[in-house]
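Undergrad: everything below, folded, please.
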Amino acid sequence: MAGSAGKSGSGGASAGSAASPPAALTLVSGPEELLADRAVAEVVAAARIADPSVEICDLAPGALQPGGFAELVSPSLFGEAKVVVLRGIQDLGSDQAEEIKRYLGDPAEQIVLVLTHPGGVKGKAVLDAVRKYKPVVVDCPKLTKPAERIAFLRNEFRRERRAVTEEAAQIIADAVGSELRELAAAADQLLADTEGTIDEAVVARYYSGQAEVSGFTVADLTVEGRLGEALEQLRFALDTGVASVLITSALATGVRQIGKVASAGPGARDLGMPPWRVDKIRRQARGWTPDGLTVALQAVAKADAAVKGASADPAYALEKCLVTIAGARSPQR
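TA: Next up is the predicted model:
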């Protein structure tokens with residue numbers, strides 16, 4: 001097979017490029033659908049650059065009929081190039097899988113074949129058979145860690161030669177959530193509607209209240225002793241649909257991180273947090289004592305139980321929690 005082995009990371013696919021035609025065989029493997037869709041789109045784009053008249057056949061999962069694969073990959077009478085995208089090969093029947101194996105043993109020159117598989121054990125036999133022909137492999141893993149999603153966001157801006165600060169990327173992620181398509185859409189909107197470096201102020205202005213009412217913003221204001229602002233943002237967050245449990249979770253995270261950074265001293269850089277985050281927590285830690293942190297954690301625990309059913313008025317429980325936490329912080333001199 002003419003394909004050559006290769007891999008790409010989570011920031012984007014590299015199955016084809018404007019400088020060269022795509023490989024004859026590409027395997028897009030992994031559960032992250034956005035990355036998989038982009039990998040397929042890059043192959044198609046590269047094929048169209050190489051030959052604007054190329055035919056594209058993109059089959060949805062389960063759309064391949066028995067015996068239909070041989071027809072799809074049959075060379076054209078006039079030798080036109082064709083890209084065949086077969087999605088979800090884990091769901092192929094045994095006869096369909098055999099068709100693919102036979103084709104891979106004697107592929108057509110004008111055909112670019114792209115196969116997608118979500119990972120896992122289902123369809124492993126056909127997956128292993130495809131790998132024997134040394135395809136270009138594009139890995140599309142699920143980005144489960146916050147740091148991975150932040151890296152994805154930064155790469156979205158980098159692709160368009162725009163800069164985004166670490167803190168701005170964190171705010172976008174807090175505001176939008178963990179769904180990669182939504183993060184990509186948020187980045188696209190900011191790229192289209194703003195200029196220059198994307199920083200914290202740009203994000204706050206653009207979202208006009210959406211970003212700054214995340215649970216983490218409520219937590220930041222509270223641990224910094226800015227009680228009036230925290231209560232205002234809490235009410236706004238609840239009114240706009242932020243779940244109470246997310247707020248108590250953010251409060252717990254904020255208080256615990258202050259304790260970790262404060263106790264680590266100079267070794268705080270080794271806690272696995274980005275440097276800007278460590279610096280921010282150090283500023284927040286001013287005025288906090290071990291006794292105060294204990295009071296704050298107890299308040300969060302009570303509020304968490306309240307919002308999970310122990311109280312008839314979760315909003316009041318959260319307000320009381322914020323008052324207690326802010327009061328546990330020693331006034332700065």
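
Undergrad: so Leu153, which of the three states?
TA: helix (DSSP: H, G, I helix; E, B strand; the rest coil).

Undergrad: could you list every residue that touches the residue nearest to it when sequence neighbours are not counted?
TA: Nearest residue to Leu153 in three dimensions, chain neighbours excluded: Ala169, at 4.6 Å (C-beta to C-beta, 6 or more residues apart in numbering). For every residue, glycine as well, the C-beta is placed using N, CA and C. Counting by C-beta atoms under 8 Å, 6 or more residues apart in numbering, Ala169 touches Ile150, Leu153, Arg154.

Undergrad: tell me which helix or strand Glu195 sits in.
TA: According to DSSP states H and E, Glu195 maps onto no helix or strand at all.

Undergrad: what's the burial count for it?
TA: When neighbours are counted by other C-beta atoms under 10 Å, Glu195 registers 8.

Undergrad: about what we covered before: could the contacts of Ala169 go into a markdown table alongside neighbour count and distance to Pro118?
TA: What follows is those, written out as a markdown table (neighbours: other C-beta atoms under 10 Å; distance: C-beta to C-beta, whole Å):
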| residue | neighbour count | distance to Pro118 |
| --- | --- | --- |
| Ile150 | 19 | 24 |
| Leu153 | 25 | 23 |
| Arg154 | 19 | 26 |
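
Undergrad: nearest to Gly287, of those?
TA: Distance to Gly287, by C-beta to C-beta, is smallest for Ile150 among the contacts of Ala169, at 28.4 Å.

Undergrad: so the closest one sits right up against Ile171, yeah?
TA: No - assessed by C-beta atoms under 8 Å, Ile150 is found out of contact with Ile171, at 10.5 Å.

Undergrad: which pLDDT value belongs to the residue nearest to Leu153?
TA: Note for Ala169: predicted pLDDT of 88.

Undergrad: cool, Ala19 as well?
TA: In this model, Ala19 carries a pLDDT of 51.

Undergrad: in contact with Ser29, which residues?
TA: Counting by C-beta under 8 Å, 6+ apart, Ser29 has contacts Thr116, His117, Pro118, Gly119, Leu127, Val137, Val138, Asp139, Cys140.

Undergrad: the third one reaches Asp91, doesn't it?
TA: Looking back up the chat, that one is Pro118. No - using C-beta under 8 Å, Pro118 makes no contact with Asp91, being 9.8 Å away.

Undergrad: just the buried members of the contacts of Ser29?
TA: Thr116, His117, Pro118, Gly119, Leu127, Val137, Val138, Asp139, Cys140 (16 or more other C-beta atoms under 10 Å).

Undergrad: would you reformat the residues you listed as JSON lines and include pLDDT, distance to Gly254 and secondary structure?
TA: Formatted as JSON lines, the buried ones among the contacts of Ser29 follow (pLDDT from 0 to 100; distance: C-beta to C-beta, whole Å; DSSP: H, G, I helix; E, B strand; the rest coil):
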{"residue": "Thr116", "pLDDT": "94", "distance to Gly254": "41", "secondary structure": "strand"}
{"residue": "His117", "pLDDT": "94", "distance to Gly254": "41", "secondary structure": "strand"}
{"residue": "Pro118", "pLDDT": "92", "distance to Gly254": "36", "secondary structure": "coil"}
{"residue": "Gly119", "pLDDT": "88", "distance to Gly254": "35", "secondary structure": "coil"}
{"residue": "Leu127", "pLDDT": "91", "distance to Gly254": "44", "secondary structure": "helix"}
{"residue": "Val137", "pLDDT": "96", "distance to Gly254": "41", "secondary structure": "strand"}
{"residue": "Val138", "pLDDT": "96", "distance to Gly254": "38", "secondary structure": "strand"}
{"residue": "Asp139", "pLDDT": "95", "distance to Gly254": "34", "secondary structure": "strand"}
{"residue": "Cys140", "pLDDT": "95", "distance to Gly254": "33", "secondary structure": "coil"}
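
Undergrad: include distance to Pro314 when you put the residues you listed into JSON lines, please.
TA: Listed next are the buried ones among the contacts of Ser29 as JSON lines, based on distance: C-beta to C-beta, whole Å:
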{"residue": "Thr116", "distance to Pro314": "43"}
{"residue": "His117", "distance to Pro314": "44"}
{"residue": "Pro118", "distance to Pro314": "38"}
{"residue": "Gly119", "distance to Pro314": "39"}
{"residue": "Leu127", "distance to Pro314": "47"}
{"residue": "Val137", "distance to Pro314": "48"}
{"residue": "Val138", "distance to Pro314": "45"}
{"residue": "Asp139", "distance to Pro314": "42"}
{"residue": "Cys140", "distance to Pro314": "39"}
